[in-house]
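Kindly generate the corresponding structure for this input.
(one chain, ligands or ions: 2)
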Amino acid sequence: MEIFDYDNILLLPRKCRVESRSECDASVELGGRSFRIPVVPANMKTVVDETICLWLAQNGYFYVMHRFDLDNVKFVQDMQAKGVFASISLGVKKADYETVDQFVAKGLVPEYITIDIAHGHADSVKNMIGYLKEKLPKSFVIAGNVGTPEAVIDLENWGADATKVGIGPGKVCITKLKTGFGTGGWQLSALKWCARVATKPIIADGGIRDHGDIAKSIRFGASMVMIGSLFAGHEESPGKTVEVDGVLFKEYYGSASDFNKGEYKHVEGKRILEPIKGKLANTLVEMEQDVQSSISYAGGKKLMDIRKVNYVTLGGDNAGEHLLM
Ligand SMILES: NC(=O)C1=CN([C@@H]2O[C@H](COP(=O)(O)OP(=O)(O)OC[C@H]3O[C@@H](n4cnc5c(N)ncnc54)[C@H](OP(=O)(O)O)[C@@H]3O)[C@@H](O)[C@H]2O)C=CC1
Ligand SMILES: Nc1nc2c(ncn2[C@@H]2O[C@H](COP(=O)(O)O)[C@@H](O)[C@H]2O)c(=O)[nH]1
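Ligands and ions are numbered 1, 2, ... in the order given. This is a model prediction of the structure:
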């Protein structure tokens, strides 16, 4: 198997078919809705909050609210009362089952539910998917995180409508160091490996450092990418603002860090500072424009045209050109 990551791949252009990049359509469909770009901010406490989620939904972007210190029932009620879709995260513990029961009792149906645990290839996820499909059959269920084709096959067979791929490639992730496991360092080829067997959408989660990595993820089989670090350093980001030598930063910490957990147990995440780089809305517009450019370099007009391009690997044992024959 070829092993590579975002830094060792470049996509190869095909003859341009548009006169302006504005003709290129960066939108993607997920769960019956169309979103402006194939990007979702990570469901982490220092990346999204209620205000950001509402703004994203109102402006044509997908979102997944985090599940930490949050009343999921109130969140769904609030979002739906404001006329936008509700997209929440759930774990697999007793309290998460009770949340589902409350939805049913109140007649609430979140449009999207992401089952979000560290080791998503597990019976606990199978059981939660089964429960959701029984109690809330209309909700679109995203399940993860996983990093192998076997896991993608299982999650899909258990009923997941989409899977989330990425174990440990995140910027504040220390899973690789603490456990010796994961897709950190080879996330893009792990995505390729998983996409070969997937029959439903994959969300590639973690490791995106530059906007061009979005197109690379689409090329290797993602329908969407989940990004934390590139979103954590905005004026509106929920993390604490910290000043260092006159420069403003936002804190960004892992969901499995002691900062998020409130205790040092099974810690697989750390805290870093991200320089503040302006408004979230501007970054999203820039991402859309960059994805439009990617589509134009792919010789296409729509997002999935990126899937058709050849690529080269730079450096290492697998270096070379990879042609689609
Ligand atoms: N994408 C990634 O690489 C990673 C992401 N995270 C994020 O951190 C957050 C917290 O995750 P998580 O700790 O799973 O959530 P929870 O604390 O809600 O734990 C979920 C359940 O899974 C169990 N569990 C967690 N890890 C393992 C494992 N390796 N093997 C067996 N059981 C396990 C937990 O039990 P117990 O704690 O008793 O073992 C618990 O019952 C999530 O948002 C997750 O996405 C965390 C690590 C890696
Ligand atoms: N191993 C860990 N992974 C984590 C933790 N908290 C979040 N995450 C994952 O990272 C991505 C974001 O990655 P980025 O490279 O865009 O910053 C996020 O969506 C989670 O899947 C953690 O504590 N440990």
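
List, one by one, the residues from this protein near ligand 2.
42, 44, 145, 166, 168, 170-173, 175, 205-208, 226-229, 254-257, 268-269 (Cβ under 6 Å from any ligand atom). All C-beta atoms are positioned from the backbone trio N, CA, C, and that covers glycine.

Give me the subset of the residues you listed lying in strands.
Those of the residues of the chain next to ligand 2 mapping onto strands are 145, 205, 226, 227, per DSSP state E.

Would you mind giving these as a markdown table with distance to residue 139 and pLDDT added?
A markdown table is the format used below for these (distance: Cβ to Cβ, whole Å; pLDDT from 0 to 100):
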| residue | distance to residue 139 | pLDDT |
| --- | --- | --- |
| 145 | 19 | 98 |
| 205 | 20 | 98 |
| 226 | 18 | 98 |
| 227 | 23 | 98 |
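
which of those residues are buried?
145, 205, 226, 227 (16 or more other Cβ atoms under 10 Å).

Which parts of the stretch 1-150 of the chain are strands?
For the stretch 1-150 of the chain, the strands defined by DSSP state E, counting those that start in this stretch occupy 9-11, 28-30, 33-35, 39-41, 87-90, 112-116, 140-146.

what residues does the fourth one touch?
Put plainly, it is strand 39-41. 47-48, 52, 56, 61-64, 203, 214, 224-228, 231, 284, 287 (Cβ atoms under 8 Å, 6 or more residues apart in numbering).

List the strands paired with it, with their directions.
Using DSSP bridges, strand 39-41 pairs in its sheet with strand 224-227 (parallel).

just the last one next, same as before
Neighbouring strands of strand 140-146 in its sheet, by DSSP bridges, are strand 112-116 (parallel), strand 162-165 (parallel).

What of the third one?
For strand 33-35, sheet partners with direction are given as strand 28-30 (antiparallel), following DSSP bridges.

Go through the partner strand and flag the buried ones.
Quick answer for strand 28-30 (16+ other Cβ under 10 Å): 28, 30.

Check stretch 111-126 too.
So for stretch 111-126, counting by 16+ other Cβ under 10 Å, buried means 111-122, 125-126.

Now for the residue most central in space within the chain: which residues touch it?
In the chain, the C-alpha closest to the average C-alpha coordinate belongs to residue 226, at a distance of 1.8 Å (Cα atoms, centre = their mean). Counting by Cβ under 8 Å, 6+ apart, residue 226 touches 39, 40, 41, 42, 43, 64, 164, 166, 203, 204, 205, 206.

mind running it again at 7 Å?
Residue 226 makes contact with 40, 42, 164, 203, 205, according to Cβ atoms under 7 Å, 6 or more residues apart in numbering.

Not counting residues beside it along the chain, what's closest to the third one?
In space, not counting the residues next to it along the chain, residue 164 is nearest to residue 144; the distance is 2.8 Å by Cβ to Cβ, 6 or more residues apart in numbering.

Low-confidence ranges, the protein, go.
316-318, 325 (pLDDT under 70).

Contact residues of it facing ligand 1?
91-93, 116-119, 124, 145, 166-168, 170, 173, 175, 206, 255-256, 266, 268.

Buried ones only from those, please, as a ChimeraX command.
To isolate the buried members of the residues of the chain next to ligand 1 in ChimeraX, using 16+ other Cβ under 10 Å:
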select :91,92,116,117,118,119,145,166,167,168,170,173,175,206,255,256,268
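
can you tell me which of the residues of the chain next to ligand 1 are in helices?
Taking DSSP state H, the ones among the residues of the chain next to ligand 1 that sit in helices are 124, 175.

and residue 243, backbone torsions?
With angles defined as degrees, to the nearest 10, residue 243 sits at phi -100, psi 130.
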